[in-house]
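Student: Got a predicted structure plus its sequence, pasted below:
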Amino acid sequence: MERYGLQGLVDVHTHFMPERVLRKVWAYFDAVGPMTGLEWPITYREEEDRRVELLREFGVLRFTSMVYPHKAGMARWLNEWAAGFAARVPDCLHTATFFPEEGAAGYVREAVESGAVVFKAHVQVGAYDPGDPLLEPVWGLLAEAGVPIVIHCGSGPAPGKHTGPEPIARVLARHPRLRLVVAHMGMPEYGDFLGLAERYPEVRLDTTMAFTDFAEKLAPFPPGERAQLRELGDRVLLGSDFPNIPYVYPHQLEALERLGLGAEWLRAVCHDNAAALFGLPPR
Ligand SMILES: [Zn+2]
């Protein structure tokens, strides 16, 4: 990335989580292969310290610790863990999460007050409607505070009951200033989510896994939508899904480079857009 005049990257979508949760996630990916024929070998199955070190070696200046509950009663505990992780790993942005449950607005407020700068929501794993009334005060609070939420709401790699553009579009209609960062470029509903970003100036998308050989085989990005991608260059953020990726980290960067959208676009996506969003020093 040096050749593009970048000193480093900001990756808004990386996973650090309590050890036993991460082991379960890895076990899931190990089982995916035999189940679906889609092999998903985890490239960076390393100890936590080593995983942090690897990101630094790749030139990542700031990253996140995307945690997400699959059921009620987990989010508060995950948030405590993520706060501790950000405190001991200063290049990790303080991350938090939530679930539609009693008390959600309370612990989300506490997380924001204690310095969380980004949230993660996973509509497919959590299997909830983002329009659940229990989340109404959460969206209101996060819109008001201007805290971004990286949200897996597209229907890839497998659709859920509430994935796809419609459920989240209904939330945006009520909270138009919500700073949603649509994970995986909204894969496979790329065009619909790009459309939401066109319509709502605070909606962004992260590149996580998109445009890689792996994703192009499963859900190719339509070449016809490349112009929109260029237009929205200030709303696209680098994300990777490290360490749970079935290829080496630099492949995500190559995948962005070969889109041919130019050096300015790459600088914005790989650093400047996230730096502006999180108030980090400019390059
Ligand atoms: Zn992820």
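Tutor: Looks like it arrived, so ask away.
Student: Show which residue of the protein lies farthest from the average position.
Tutor: Most distant from the centre of the chain: Pro34, at 26.5 Å, with distances by Cα atoms, centre = their mean.
Student: name the element that residue belongs to?
Tutor: Assessed by DSSP states H and E, Pro34 sits inside helix 19-36.
Student: what pLDDT, on average, does stretch 269-283 get?
Tutor: On average, the pLDDT along stretch 269-283 is 94.
Student: For it, buried residues please.
Tutor: Buried residues in stretch 269-283, counted by 16 or more other Cβ atoms under 10 Å: Val269, Cys270, His271, Asp272, Asn273, Ala274, Ala275, Leu277, Phe278. (C-beta placed from N, C-alpha, C; glycine too.)
Student: Stretch 78-85 too?
Tutor: Residues Leu78, Asn79, Glu80, Trp81, Ala82, Ala83, Phe85 are the ones in stretch 78-85 that count as buried (16+ other Cβ under 10 Å).
Student: Surely Leu55 is in contact with Thr14?
Tutor: Yes - in terms of Cβ atoms under 8 Å, Leu55 counts as a neighbour of Thr14; the distance is 6.8 Å.
Student: And the helices in the stretch 51-200 of the chain, which stretches?
Tutor: Using DSSP state H, counting those that start in this stretch, the helices assigned to the stretch 51-200 of the chain run over residues 75-88, 104-113, 123-126, 136-145, 165-174, 190-199.
Student: Just name the most buried of those helices.
Tutor: With neighbours defined as mean count of other Cβ atoms under 10 Å, the helices of the stretch 51-200 of the chain peak in mean count at helix 123-126, which reaches a mean of 20.
Student: just checking, what packs against that helix?
Tutor: Helix 123-126 makes packing contacts with strand 149-152 when contacts are defined by 3 or more Cβ pairs under 8 Å, 6 or more residues apart in numbering; DSSP states H and E.
Student: Among the buried residues of stretch 269-283, which are located in helices?
Tutor: In helices, judged by DSSP state H, the following of the buried residues of stretch 269-283 are found: Asn273, Ala274, Ala275, Leu277, Phe278.
Student: mind putting those in JSON lines, distance to Met185 included?
Tutor: Compiled in JSON lines, those are given as follows (distance: Cβ to Cβ, whole Å):
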{"residue": "Asn273", "distance to Met185": "14"}
{"residue": "Ala274", "distance to Met185": "15"}
{"residue": "Ala275", "distance to Met185": "20"}
{"residue": "Leu277", "distance to Met185": "17"}
{"residue": "Phe278", "distance to Met185": "20"}
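Student: and which of those residues is nearest to Glu46?
Tutor: Taking Cβ to Cβ as the measure, Ala274 is the one of those closest to Glu46, at 24.3 Å.
Student: burial of the nearest residue to Pro148 once chain neighbours are set aside, as a residue count?
Tutor: For Pro148, ignoring the flanking residues on the chain, the nearest one in space by Cβ to Cβ, 6 or more residues apart in numbering is Arg179 at 4.2 Å. Applying other Cβ atoms under 10 Å, we find 21 other residues in the vicinity of Arg179.
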